[in-house]
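> What follows is a predicted protein model with its sequence.
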Amino acid sequence: MGKAVKFAISMPENKFQEIEAIRLEEGLSRSKAVLEAIELWSRSKKMEKLIRAYEEGYKNIPDDPQTIKGWENASLDTFSDEGW
């Protein structure tokens, strides 16, 4: 890890208590708990961007109905072979 930086934040007391309970249960330092939360938040934001790009791609170039029908038929064929 590179150079560490300290910073202070303010939050409602009930949120602080909630975070404290979780981090104590997990055996984490406050720094580690905050770092894990930030990493999770960052991954979530990156995933949201990818999902938006995926959705935009389908809005701009949607599958044609014939391709969709082919996938539906292939799926039905696969499931009909199962002995449910």
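Thanks, I have it.
> what about Ala33, how many neighbours?
Neighbourhood size, Ala33 [other C-beta atoms under 10 Å]: 17. Every C-beta, even on glycine, is put in place using the N, C-alpha and C of the backbone.
> got the buried residues for whichever strand or helix holds Tyr58?
For Tyr58, the element it lies in under DSSP states H and E is helix 30-60. Within helix 30-60, the residues scored as buried using 16 or more other C-beta atoms under 10 Å are Ala33.
> how distant is it from the center of its chain?
On the basis of C-alpha atoms, centre = their mean, to the nearest Å, helix 30-60 sits 6 Å off its chain's mean C-alpha point.
> Quick one: residues contacting the residue positioned nearest the centre of the chain.
Nearest residue to the geometric centre of the chain (C-alpha atoms, centre = their mean): Ser44, 4.2 Å. By C-beta atoms under 8 Å, 6 or more residues apart in numbering, the contact list for Ser44 is empty.
> just for this protein, where's the confidence low?
For the chain, the stretches with pLDDT under 70 are 1, 80-84.
> What is the neighbour count of Ile61?
Residues near Ile61, counting by other C-beta under 10 Å: 8.
> And the residue nearest to the centre of the chain, how close does it get to Glu18?
Applying C-beta to C-beta, to the nearest Å, the value for Ser44 to Glu18 is 19 Å.
> Show the subsequent helix or strand relative to the helix holding Tyr58.
Following helix 30-60 in sequence order, the next helix or strand is helix 65-80 (DSSP H and E).
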